[in-house]
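Student: model the structure of this input:
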Amino acid sequence: MSHTPKEVTRRGFLAASVAVPLAGRVSADASFADQPATPPQTPRMARAMHQNTSRAAGFRGSLEGWARAGIRYVELNDALLDRFLESDTIEGARRLMSDLGLTPVSAVASLQDIWLPGPARAQSVETWRRRCGQYAALGLERIYAPSLTNREVTAEEWAATPDCVAEVGEIARKSDLTAMIEFTRTSTHLSTLTSSLQVIRAAAHPNVRPMLDFFHFWSGLSKFEDLDLLRPGELAHAHFQDVLDAPRERTDNNYRLIPGDGIAPVVPIIRKLAEKGYGGALSVELFRPEFVNGDAFEVGTEIRTKCERVMREAGVL
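Tutor: Have a look, this model is predicted:
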């Protein structure tokens, strides 16, 4: 393994987290400062759909509806896959996507405290191992886990986080997958882009990279300027949403909107990601009942139309 030895990582990470402000630590990285400001040309990005958006349609129904709507790239939900596997197989799931002309770009493993020590982590690591095997068999290259932590996190647990991240990355490596941390706005552990970048860089595992969820980024504690902390080519995946005009204190998943329908600066964010060399998928993940319970074909058609408009304005389609 190529990540930093355990004791050096823990001592150095804890000392740094106490000594200086987070943003200063990340931006002071010499290798980041030496990188070119922009790539030579604007990357193209692919429109994609997360199965959470049409969750009520199920694993098969969401994929079939979206394929009819012209969607070609999809992101898989672990719970929907489990229900599909109650009467079918992994090979059946892979064949379904192939027959529909769909390419899976990422998949979720929703696990409590996967990124830090705690009583729930042992079971979460075993489930992560199983998910890596499943997703690799489906032809995926990326897997992510949200930072699902809502309890008080101690300084010792923060110090041990890079080792936990490296362990998760090593399991993913054995399945030829890239592991990604989704920082979530309500987490008591990793809720910002800056904190996720810090622990990923401290872990220094080649199979762990950051991802960005537009909703968690813009409605949480992150700032637009934080995107400058990304190294060129570092970002591995993005969830794509807009945000309802409402107080941040009241914001929850129901405030996620189709890109272009809200107040978030989605076009400037996309352009900044392109400047940082991101050329992957923009995966729409929504939770409002009208989307989740709607007809997957109609939902997919509306989202595709609106996303294409935004992506063209940003110059990435």
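
Student: how about the helices in the stretch 151-300 of the chain?
Tutor: Remark: helices assigned in the stretch 151-300 of the chain by DSSP state H, counting those that start in this stretch are 155-174, 193-203, 214-219, 266-275, 289-292, 296-314.

Student: how about the strands in the stretch 51-200 of the chain?
Tutor: Counting by DSSP state E, counting those that start in this stretch, residue ranges of the strands within the stretch 51-200 of the chain are 73-76, 103-107, 142-146, 178-182.

Student: just the mean pLDDT for the first one, thanks.
Tutor: For strand 73-76, the per-residue pLDDT values average out at 98.

Student: that strand packs against which elements?
Tutor: Strand 73-76 sits against strand 46-50, helix 58-68, strand 103-107, strand 281-284, with contacts defined as 3 or more C-beta pairs under 8 Å, 6 or more residues apart in numbering; DSSP states H and E. Backbone N, C-alpha and C define where each C-beta goes, glycine included.

Student: next one: stretch 118-125 to chain centre, how far?
Tutor: Mean-position distance between stretch 118-125 and its chain equals 20 Å (C-alpha atoms, centre = their mean, to the nearest Å).

Student: buried residues in it?
Tutor: Of the residues in stretch 118-125, 118, 120-121, 124-125 count as buried by neighbour count, 16 or more other C-beta atoms under 10 Å.

Student: give me the residues contacting that stretch.
Tutor: 111-114, 149, 151, 157, 164, 167-168, 171 (C-beta atoms under 8 Å, 6 or more residues apart in numbering).

Student: restricted to buried residues, select those in PyMOL.
Tutor: For the buried members of the contacts of stretch 118-125, the matching PyMOL selection, counting by 16+ other C-beta under 10 Å, is:
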select buried, resi 111+112+113+114+149+157+164+167+168+171
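
Student: can you name the two of the contacts of stretch 118-125 that are farthest apart?
Tutor: Of all pairs drawn from the contacts of stretch 118-125, the one with the longest distance (C-beta to C-beta) is Arg151 and Ile171, at 23.6 Å.

Student: residues contacting Ser62?
Tutor: So Ser62 contacts 49, 51, 53-55, 80, 296 (C-beta under 8 Å, 6+ apart).

Student: switch the cut-off to 10 Å
Tutor: Ser62 makes contact with 49-56, 71, 74, 76-77, 80, 296-297, 299-300 under the criterion C-beta atoms under 10 Å, 6 or more residues apart in numbering.

Student: next: Phe297.
Tutor: Applying C-beta under 10 Å, 6+ apart, the residues near Phe297 are 54, 57, 61-62, 64-71.

Student: related to what we said a few turns ago, and the contacts of Ser62, which of them are buried?
Tutor: Neighbour-count burial (16+ other C-beta under 10 Å) applied to the contacts of Ser62 gives 49-55, 71, 74, 76-77, 80, 296-297, 299-300.

Student: nearest to Arg201, of those residues?
Tutor: Taking C-beta to C-beta as the measure, His50 is the one of those closest to Arg201, at 26.4 Å.

Student: and that closest one, how far is that from Glu313?
Tutor: Distance, His50 to Glu313, using C-beta to C-beta, to the nearest Å: 22 Å.

Student: can you check Tyr135 too?
Tutor: From Tyr135 across to Glu313, the span is 33 Å (C-beta to C-beta).

Student: and Met180, what pLDDT?
Tutor: With respect to pLDDT, Met180 has a value of 98.
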